[in-house]
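> Turn this into a model:
(chains A and B)
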Amino acid sequence: MKIYNTLINKKEEFVPVENGKVKMYVCGPTVYNYFHIGNARPLIFFDVVKNFFEYIGNEVTLVRNVTDIDDKLINRSLEEKIPVSEIAEKYTKAFFADCKALEINPADHHPRATEYIGEMIELIKQLEEKKYAYEVNGDVYFSVSKVEKYGKLSGKKLEDLQAGARVEANKQKKHPADFTLWKRAKPNEPKWTSPWGDGRPGWHTECVVMSRKLLGGTFDIHGGGIDLIFPHHENEIAQAEATNNKKLANYWMHNGYLNIEGEKMSKSLNNFFTARDILKKYNAEAIRFFFLSKHYRSPIDFNENIIKESSQAVKNFYNTIKNADYLTIRNNELEYSEIHLKHKNNFTTAMNDDFNTAKAISVLFDITKAYNKTKDPAFIHLLIELGNVLGFFLDLDVKLSNDLSDISSELIELFINYRNRLKKEKNWEMADAIRNDLKKMGIVLKDTPEGTDWSIEK
RNA sequence: GGCGACAUCGCCAAGUGGUAAGGCAAAGGUCUGCAAAAUCUUUAUCCCCGGUUCGAAUCCGGGUGUCGCCUCCA
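Modelled structure (predicted):
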């Protein structure tokens, strides 16, 4: 298995710290708003990473933190005029609800920053003792100049950072790139007591503390969006290595950005979409297909057209699964023969190469085609098995059953019976009218040699 | 100013030295009252110029274009 490691900017063979176990930490949401469609990318991608590691026989521990104290929450609290703790509660709930709607598996741990304040203070104290941190008027900063290789993840040099056009005008700092470890509380802001006075921890400290606590000194994979490389992950490394002289993580994986019709998503451009907005129009699998059809490190462009195409592609998988009558063949004992194993191997080979999900999906299409040609149900089993690894075709019991009350089902059957009589009388006009009207309600009829099938489509 | 990524059919996209996967869309055939589904068939020499090589979309150099990071951000 090869993984592209941001630390060395190339692919390398993945070797876990402990054989058969994979420990990963992915930076989760700051709960100050509903998360947007761009945030969905790392959620979906690392969901697949975890699935695949498990599929090939590893025990995986995934940590996805929740940042529930931060300037952004404080600002939001002022806007919505409710306490910070309620903002956090509201959007944490929304986060989990939206993840569920997107069919993203929960992580193994969802630590919240506010539950680890004590440990963060301990870490900052350690940094202070080792002279990596200094306090000015109740604020504590990390001194980046003390770190020999500061910038090794992002490939930045301190000189270059200083030469940058936009330098923070904070005269308290010894170096412009020094970052906040502890921030003094202003009146009415949430606060915790510390050796430096009342305040709150800086964002970069929480991930170090929580990953260390839940995953140990050096864990396998640290993931997140490409924009977190600098300064967030760089600063995590600086703190972690300053305190225990161990690598924080061996592999750093970063997903590319999502753009909206070629432009960065932002509220000012009025092209800001929350995941829940998109979910109103398109289903979770269409969104998942959209993301996974492109390599995770590349930037991806979101627009109405492309999500429709994804939606259609997923629908075509379901056509095959429905035609195969999956729910009745699912428990059949079937063995894979050479041809099935060849497809399976193509799939794992693609995934083993730095999670080439686009290629893996193409294997799913190959299998679909093979089924349609041969009607061999083992292909359907394989399709579902591999699809599940990518997070497709989950909860088929629900998705494949026509979820209506019995009476409604009977009514539809009634319409179908009348329509069949009209068809016998060759009254095509009326027969088509019934089909069209039902379609408008989302009920789709399909005439087959065995009779008329119907299904609910969104 | 510094650092980096990307440019493949109408759209999306895989491919990292051996002669262009796949999806969506489109067109035509089979099937069908029609439609849907399925199935068969058709559609590119890889931004430009130069170089390395027996051989390059793939490596090197130079252009052009798009985007990102350097500030909170997935």
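> Please enumerate the strands of the stretch 251-400 of chain A.
Taking DSSP state E, counting those that start in this stretch as the criterion, the stretch 251-400 of chain A carries its strands at A:258-260, A:263-264, A:300-302.
> what would those strands look like in TSV with mean pLDDT and mean neighbour count?
From N, CA and C alone the C-beta is placed, and that goes for glycine too. Shown next, in TSV, are those (pLDDT from 0 to 100; neighbours: other CB atoms under 10 Å):
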stretch	mean pLDDT	mean neighbour count
strand A:258-260	89	19
strand A:263-264	80	11
strand A:300-302	92	18
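> Could you export those as CSV, including distance to A:Gly38?
Below are the strands of the stretch 251-400 of chain A laid out as CSV (distance: least, CB to CB, whole Å):
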stretch, distance to A:Gly38
strand A:258-260, 4
strand A:263-264, 9
strand A:300-302, 8
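> Burial check on the nearest residue in space to A:Pro231 that is not next to it in sequence, number of neighbours?
Spatially, and ignoring its direct neighbours in sequence, A:Pro231 is nearest to A:Phe179 (6.3 Å; CB to CB, 6 or more residues apart in numbering). For A:Phe179, the tally of surrounding residues (other CB atoms under 10 Å) stands at 21.
> As JSON lines, the strands of the stretch 251-400 of chain A with distance to RNA strand B would be great.
As requested, the strands of the stretch 251-400 of chain A are exported to JSON lines (distance: least, CB to the nearest atom of the strand, whole Å):
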{"stretch": "strand A:258-260", "distance to RNA strand B": "4"}
{"stretch": "strand A:263-264", "distance to RNA strand B": "4"}
{"stretch": "strand A:300-302", "distance to RNA strand B": "6"}
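> nearest to A:Val398, of the ones you listed?
Proximity to A:Val398 (CB to CB) singles out strand A:300-302 among the strands of the stretch 251-400 of chain A, at 27.2 Å.
> what sits up against that closest one?
The contact list for strand A:300-302, computed with CB atoms under 8 Å, 6 or more residues apart in numbering, reads A:37, A:41, A:256-262, A:273, A:290-291, A:294.
> Neighbour-wise, give me the winner out of those.
A:Phe290 (26 neighbours).
> could you say what helices and strands the helix or strand hosting A:Asp437 packs with?
Using DSSP states H and E, A:Asp437 maps to helix A:428-440. Identification of packing neighbours for helix A:428-440 by 3 or more CB pairs under 8 Å, 6 or more residues apart in numbering; DSSP states H and E yields helix A:406-424, strand A:443-448.
> Next, see if that helix gets close to RNA strand B.
Yes. Helix A:428-440 is in contact with RNA strand B by CB under 7 Å from any atom of the strand, via A:Trp428, A:Ala431, A:Asp432, A:Arg435.
> ok, the closest residue to RNA strand B within chain A - how many residues close by?
Across chain A, the shortest distance to RNA strand B (CB to the nearest atom of the strand) belongs to A:Gly225, at 1.5 Å. The tally of other residues near A:Gly225 (other CB under 10 Å) stands at 20.
> so it touches A:His254, yeah?
Yes. Here A:Gly225 reaches A:His254: they are 6.5 Å apart, a contact under CB atoms under 8 Å.
> where does the residue nearest to A:Gln239 when sequence neighbours are not counted fall, helix, sheet strand or coil?
Closest residue to A:Gln239 apart from its sequence neighbours, by CB to CB, 6+ apart: A:Val208 at 4.9 Å. Here A:Val208 is recorded as helix under DSSP: H, G, I helix; E, B strand; the rest coil.
> ok, how many other residues are close to A:Val208?
Residues lying near A:Val208 (other CB under 10 Å) number 24.
> Same question for A:Asp397.
By other CB under 10 Å, the residues close to A:Asp397 number 10.
> What of A:Pro195?
11.
> List the backbone torsions phi and psi for it.
Recorded main-chain torsions at A:Pro195 are phi -60, psi -20, according to degrees, to the nearest 10.
> what sits against it?
Going by CB under 8 Å, 6+ apart, the list of residues near A:Pro195 reads A:Ile121, A:Lys125.
> Quick check, pLDDT for it.
Looking at A:Pro195, its pLDDT is 95.
> Residue numbers of the stretch 351-458 of chain A in contact with RNA strand B?
Selection of the stretch 351-458 of chain A residues close to RNA strand B by CB under 7 Å from any atom of the strand yields A:353, A:356, A:358-359, A:361-362, A:365-366, A:368-369, A:372-373, A:423, A:428, A:431-432, A:435, A:444-448.
> okay but A:Arg419 is in contact with A:Thr452, surely?
Yes. Between A:Arg419 and A:Thr452 there is a contact at 7.4 Å, judged by CB under 8 Å.
> which residues do those two both contact?
A:Leu445.
> These two: which has the busier surroundings?
Between A:Arg419 and A:Thr452, counted using other CB under 10 Å, the more crowded position is A:Arg419 (21 against 17).
> coming back round to it: with mean pLDDT as new columns, can the helices and strands packed on helix A:428-440 be given to me in CSV?
Putting the helices and strands packed on helix A:428-440 into CSV (pLDDT from 0 to 100) gives the following:
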stretch, mean pLDDT
helix A:406-424, 81
strand A:443-448, 84
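> Distance to A:Trp196 for those - can I get that in JSON lines?
Output for the helices and strands packed on helix A:428-440, formatted as JSON lines (distance: least, CB to CB, whole Å):
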{"stretch": "helix A:406-424", "distance to A:Trp196": "65"}
{"stretch": "strand A:443-448", "distance to A:Trp196": "65"}
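> Inside helices: which ones of the contacts of strand A:300-302?
Judged by DSSP state H, the contacts of strand A:300-302 include A:Arg41, A:Phe290, A:Phe291 as members of helices.
> so what's the first one up against?
Taking CB under 8 Å, 6+ apart, we find A:Arg41 in contact with A:Gly225, A:Asn255, A:Gly256, A:Leu258, A:Phe291, A:Tyr296, A:Ile300.
> Please repeat the previous calculation with a cut-off of 7 Å.
Shown in contact with A:Arg41 (CB atoms under 7 Å, 6 or more residues apart in numbering): A:Asn255, A:Leu258, A:Phe291.
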